[in-house]
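>>> here is a sequence with its predicted model. Questions after.
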Number of protein chains: 2
Amino acid sequence: MAVIRRLPRYYRYLADLLRVDIKRISSKELSERMGITASQIRQDLNCFGGFGQQGYGYNVETLYKEIGKILGVERRFTTIIIGAGNMGNALANYENFKKRGFDLIGIFDISPNRVGQYINGIEIMHMDRLEEFMKTHVVDIAILTVPSHATAEVAEKVAELGVKGIWNFSPQDLKLSHNVVIENVHLSDGLAVLGYRIKEMEEQEQKKKDKQN
Amino acid sequence: MAVIRRLPRYYRYLADLLRVDIKRISSKELSERMGITASQIRQDLNCFGGFGQQGYGYNVETLYKEIGKILGVERRFTTIIIGAGNMGNALANYENFKKRGFDLIGIFDISPNRVGQYINGIEIMHMDRLEEFMKTHVVDIAILTVPSHATAEVAEKVAELGVKGIWNFSPQDLKLSHNVVIENVHLSDGLAVLGYRIKEMEEQEQKKKDKQN
DNA sequence: TAGATTGTTAATCGATTAACAATC
DNA sequence: TAGATTGTTAATCGATTAACAATC
């Protein structure tokens, strides 16, 4: 799983290399660009098969395609967004998702102000219509951008209606009995860690200064 | 660092306990709620000091406050958002940040359509004014929600102007020579992993079915 | 053939879990 | 005092790094 979570990063770096027309790359050079060891790169890539060639390195295009295959980039996933607030809006407008195989097919909310409006060409529907919608469409992924107090209930509902994965943006952790894959985002956790690390850096700099005096 | 990244999660769970008026908790009970081992909880908490009491467990309020102290919740950080697109907008409107000690004091963009508008009571300024602004205000954290091609340049600039931390939402990894703490978010990496895990789950279910026939 | 670089095994490191004495 | 539960040490597990033979 540690390896899996690194794959999108490899994929990004390889895309960059393709863009500047670099045809081949050794684990050593890639390691310098990415700031990890060459050993780890070879180890990681070998989990999925021998994509390289001794004495040559890796063909960038081949490797890019192979990692894409592993990540399932060729496969398309249908998604719906539940919660058309600011975050839901931002995600609905994120063009990159479509490029990466994620098709937004529905947006839901409960606020009368929002229902009926369009985001990126998709009508915001009332939550009342969720069940009907999910029974007439295959929905792979539900993106939850609802207030935390509503998260558990909504998650339970989409799980029952057969969603395969949930991308959860509320600070509330999700636990479901159903057979559903969950990725929690927890943005504010990341911000908290950033704050901690700044505090730590400041303290170390203070110590340095104290030493000098 | 593995421990640090778990602290915000502990903090959230303790806040939940406080909310339902639970006064004390044992590592065992917390472990069941959080889905990690009691051993890990005791180990984690002991990195920062003996907050518990043998035979009793942990006092929820004390522990909550202690973890808050470690994370620097009492400290306030000033932040600016650069890039007032959909994501910048969503973050600017996220009330939780303020509660957690992060004060948004400026928003910047280059689009004439956006400059001059207000988000959450804060005027969007043109990037031209960034330098002047940062010389007259202490800015702890820059939140970057600019298009990826602009990220490196903007990051370099705020680093030079003395920012202490960068919260980067562009898919582009940031590398800086300056003494700046960086947290990359890479939302689409998370989505890619979600896709992978769904694919994997489907394959396993398929195998199960094949076995049955 | 010689040089380069992989694939892969073995060694190291760090993080998690288990166990239990200390003590409230 | 007896029971509960921590703090902490030791054991285990997994992930990262080093090393090198295989081979392009």
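That came through fine. Since we're looking at a predicted model, the values are computed, not measured.
>>> residue numbers of chain A in contact with DNA strand D?
A:1-3, A:36-37, A:39-40, A:42-43, A:53-56 (Cβ under 7 Å from any atom of the strand). To be clear about C-beta, it is placed using only N, CA and C from the backbone, and glycine gets the same treatment.
>>> keep only these that also lie close to DNA strand C.
Among the residues of chain A next to DNA strand D, DNA strand C is touched by A:39, A:42-43, A:53-56 when using Cβ under 7 Å from any atom of the strand.
>>> whichever of those residues end up buried, select them in ChimeraX.
Remark: buried members of those, expressed as a ChimeraX selection using 16 or more other Cβ atoms under 10 Å in any protein chain shown:
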select /A:42
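>>> ok so, going back, in strands, which of the residues of chain A next to DNA strand D fall?
Secondary structure from DSSP state E places A:Gln53 of these in strands.
>>> max-length helix in chain A?
helix A:187-212 (DSSP state H).
>>> of the residues of chain A next to DNA strand D, which pair is most distant in space?
A:Met1 and A:Gly55 (32.0 Å; Cβ to Cβ).
>>> hmm, who's touching the helix or strand of chain A with the lowest mean pLDDT?
Here the helix or strand of chain A ranked lowest by mean pLDDT, DSSP states H and E is helix A:95-99, holding a mean of 89. Here helix A:95-99 makes contact (Cβ atoms under 8 Å, 6 or more residues apart in numbering or on different chains) with A:79, A:91, A:104, B:171, B:188, B:191.
>>> now do the buried residues in the top strand by length along chain A.
When chain A is parsed with DSSP E, its longest strand is strand A:102-109. Residues of strand A:102-109 classed as buried by neighbour count (16+ other Cβ under 10 Å): A:102, A:104, A:106-109.
>>> that strand pairs with which strands?
The strands that strand A:102-109 pairs with in its sheet are strand A:77-82 (parallel), strand A:122-126 (parallel) (by DSSP bridges).
>>> of all those strands, which one comes closest to DNA strand C?
strand A:77-82 (29.4 Å; Cβ to the nearest atom of the strand).
>>> C-alpha coordinates for that closest one, PDB please?
C-alpha atoms of strand A:77-82 as PDB (Å, rounded to 0.1, in the frame of the first residue of the first chain):
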ATOM      1  CA  PHE A  77     -15.300   5.900 -13.100                       C
ATOM      2  CA  THR A  78     -18.600   7.800 -12.700                       C
ATOM      3  CA  THR A  79     -18.800  10.100  -9.800                       C
ATOM      4  CA  ILE A  80     -21.400  12.200  -8.100                       C
ATOM      5  CA  ILE A  81     -20.800  15.200  -5.700                       C
ATOM      6  CA  ILE A  82     -23.000  15.500  -2.700                       C
END
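>>> my read is that A:Ala142 contacts A:Ile82, right?
Yes - using Cβ atoms under 8 Å, A:Ala142 is in contact with A:Ile82, at 6.0 Å.
>>> low-confidence stretches in chain A?
Counting by pLDDT under 70, chain A shows no low-confidence range.
>>> care to break it down by domain?
Domain assignment of chain A by automatic domain parsing yields the ranges A:2-71, A:77-188.
>>> just send these back as JSON lines, with distance to B:Arg114 too.
What follows is the domains of chain A, written out as JSON lines (distance: least, Cβ to Cβ, whole Å):
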{"stretch": "domain A:2-71", "distance to B:Arg114": "28"}
{"stretch": "domain A:77-188", "distance to B:Arg114": "14"}
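>>> tell me the most buried of these?
Burial of those is given as mean neighbour count (mean count of other Cβ atoms under 10 Å in any protein chain shown); domain A:77-188 ranks first at a mean of 18.
>>> show me where chain A has helices.
A:2-19, A:27-34, A:38-46, A:60-71, A:86-92, A:95-99, A:130-136, A:148-160, A:187-212.
>>> distance to B:Val20 added to these, as JSON lines?
JSON lines is the format used below for those (distance: least, Cβ to Cβ, whole Å):
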{"stretch": "helix A:2-19", "distance to B:Val20": "33"}
{"stretch": "helix A:27-34", "distance to B:Val20": "45"}
{"stretch": "helix A:38-46", "distance to B:Val20": "43"}
{"stretch": "helix A:60-71", "distance to B:Val20": "40"}
{"stretch": "helix A:86-92", "distance to B:Val20": "27"}
{"stretch": "helix A:95-99", "distance to B:Val20": "37"}
{"stretch": "helix A:130-136", "distance to B:Val20": "29"}
{"stretch": "helix A:148-160", "distance to B:Val20": "13"}
{"stretch": "helix A:187-212", "distance to B:Val20": "21"}
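>>> for B:His126, which of those is the nearest?
Using Cβ to Cβ, these put helix A:86-92 closest to B:His126, at 21.9 Å.
>>> which strands and helices sit next to the closest one?
Where contact means 3 or more Cβ pairs under 8 Å, 6 or more residues apart in numbering or on different chains; DSSP states H and E, helix A:86-92 is packed against strand A:77-82, strand A:102-109, strand A:118-119, helix B:86-92.
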